[in-house]
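Q: How does the following fold in three dimensions:
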Amino acid sequence: MAYQHLGEMIVYWRKQRGLTQEDLADGIMSVTALSKIESGDSIPYWYNMKKILDRLGISHSSVAGFYMTNKGVKYKKATDELDGYLSRGNTEDAARIIKKLKADAAFTGDSFYNQHLIAAEAAIAIIKKGEPEKIIVLLQNAIAMVRRTFDENSIEEHLLTTVDFKILNMLATQYYDTGRVEESIAVLFGLKHNIEKRCIDKAVKGERYPQTIYHLTKLLSQTGRNKEAIEICDQGTAVCLETGNYRYLPLISMNKVTSLYKLGDKDAAWQLLRDVYYTLSMHKEFVDKEAVKKYAEDNFPGMVL
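A: Presented below is the predicted three-dimensional model:
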């Protein structure tokens, strides 16, 4: 079994990204504490290790697991369960998990865990079609919870965690719903550039990039920027194939279909639409499959998928 000096790895990843200790430690721990970890004089608790790796854009699954305490395992299981319910739109069980975690003083005493809860509450509000302006405030509070300053005009320069990415993607959708279209698109472009600039780890890029590209190209198509949307769809498709993360691939392809159709290239749109339909059929994504079928019926009458 190969052994590596954890502190040296963190120093390497930090310097590779041009970061100071102050940049990396901000909101997580003191610079002194980080310095001791980097020098090998101490080992971080699992949840601090996870935050450091997350901020560096490194997948923590192969590293941080070795640092889990019993409490860490318990909290990870709870937050994974919460995220699973939200991904399936199950707000009732998600709310139950949130209530349980809010009653745990050790959990709520950590700003990053609290941010996770606020983000989950915002996700529930979005699923239930709550007031976008109130959701925006909730999301902005969640971002502010773990950092001293945050500038939406320079998202690409920030060190963002996975939860930060989820929050900013939700924020973009809520900006759009309140008519703040350019702000919405600017946030998504900021996320796109952030990933391209900072995500060296393949697994993290595969998790973050496709979701952002899906939302961005959908809005670009809706606002008439179809040539730009097609180009960015192709970039998203390439990352899906490169990283082996195919969840958003048919959805990004469907955005490309819409833009091709709007530009009058109906033959290319139809061929790609058929590919999307059968891809969704193989993966049993029945809800999206029916949406694709409805799009075909509305825009390609007489054609058979």
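
Q: Low-confidence bits of the stretch 101-250 of the chain, can you list those?
A: 200 (pLDDT under 70).

Q: Spell out the residue ranges of the helices in it.
A: 105-108, 111-127, 132-144, 162-177, 181-198, 202-222, 226-243, 249-262 (DSSP state H, counting those that start in this stretch).

Q: on contacts alone, who are the packing partners of the longest one?
A: Counting contacts by 3 or more Cβ pairs under 8 Å, 6 or more residues apart in numbering; DSSP states H and E, helix 202-222 is packed against helix 162-177, helix 181-198, helix 226-243, helix 249-262. Where you see a C-beta, it was placed from the backbone N, CA and C, and this is true even at glycine.

Q: Chain neighbours aside, what residue packs nearest to residue 94?
A: Closest residue to residue 94 apart from its sequence neighbours, by Cβ to Cβ, 6 or more residues apart in numbering: residue 85 at 4.1 Å.

Q: name the element that neighbour belongs to?
A: Take DSSP states H and E as the rule and residue 85 turns out to sit in helix 70-87.

Q: how far off helix 162-177 does that helix point, in degrees?
A: Per axes from the mean of the first three to the mean of the last three Cα atoms, to 10 degrees, the angle that helix 70-87 makes with helix 162-177 is 20 degrees.

Q: Figure out which of the helices of the stretch 101-250 of the chain is closest to residue 6.
A: helix 202-222 (18.6 Å; Cβ to Cβ).

Q: Can you list the buried residues in the closest one?
A: For helix 202-222, burial by neighbour count (16 or more other Cβ atoms under 10 Å) applies to 203-222.

Q: now do stretch 103-116
A: Result for stretch 103-116 [16+ other Cβ under 10 Å]: buried residues 107, 112, 113, 114, 115, 116.

Q: Distance to residue 57 for those - can I get that in CSV?
A: Formatted as CSV, these follow (distance: Cβ to Cβ, whole Å):
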residue, distance to residue 57
107, 25
112, 16
113, 20
114, 22
115, 18
116, 18
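
Q: The residues you listed: which two are farthest apart?
A: Pairwise over the buried residues of stretch 103-116, using Cβ to Cβ, the maximum falls at 107 and 115, 11.8 Å.

Q: circling back to that earlier point, which other residues reach the helix holding residue 85?
A: Here helix 70-87 makes contact (Cβ atoms under 8 Å, 6 or more residues apart in numbering) with 45-47, 68, 91, 93-94, 97-98, 100-101, 106-107, 113, 116, 120, 123-124, 127.

Q: I figured residue 113 hits residue 107, correct?
A: Yes - counting by Cβ atoms under 8 Å, residue 107 is a contact partner of residue 113 at 5.1 Å.

Q: Could you name every residue contacting both of these two?
A: 75, 101.

Q: what comes up buried for stretch 35-51?
A: Quick answer for stretch 35-51 (16+ other Cβ under 10 Å): 36, 37, 38, 44, 46, 47, 48, 49, 50, 51.

Q: sorry, back to before: in the helix holding residue 85, which residues are buried?
A: Buried-residue list, helix 70-87, by 16+ other Cβ under 10 Å: 72, 75, 76, 78, 79, 82, 83, 85, 86.

Q: do stretch 281-300 as well
A: Buried-residue list, stretch 281-300, by 16+ other Cβ under 10 Å: 285, 288, 289, 292, 295, 296, 300.

Q: Quick one, which of these has the minimum pLDDT?
A: Ranked by pLDDT, the buried residues of stretch 281-300 bottom out at residue 285 (65).

Q: Touching stretch 258-267 from outside, list them.
A: 217, 220-221, 224, 226-227, 229-230, 233, 268-269, 272, 295, 299-300.

Q: Between those residues, which sits nearest residue 187?
A: When the contacts of stretch 258-267 are compared for distance to residue 187 (Cβ to Cβ), residue 220 wins out at 13.1 Å.

Q: May I have the distance across stretch 53-73, first residue to last?
A: End-to-end distance of stretch 53-73 (Cα to Cα, to the nearest Å): 17 Å.

Q: right, I mislabeled it, should have said stretch 156-167
A: Start-to-end, stretch 156-167 (Cα to Cα) is 15 Å.

Q: Mind listing residues that contact it?
A: 19, 23-24, 26, 51, 54-57, 112, 115-116, 119, 122-123, 139, 142-143, 146, 150-151, 168, 190-191, 193-194, 197-198, 204, 207-208, 211-212.

Q: Just the buried residues of these.
A: Counted by 16+ other Cβ under 10 Å, these give 19, 24, 26, 51, 54-57, 112, 115-116, 119, 122-123, 139, 142-143, 146, 168, 190-191, 194, 198, 204, 207-208, 211-212 as buried.

Q: Dump the buried residues of helix 70-87 into TSV; add distance to residue 238 and pLDDT as well.
A: Converted to TSV, the buried residues of helix 70-87 look like this (distance: Cβ to Cβ, whole Å; pLDDT from 0 to 100):
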residue	distance to residue 238	pLDDT
72	36	72
75	36	87
76	32	84
78	36	94
79	31	93
82	32	97
83	27	94
85	32	96
86	28	96
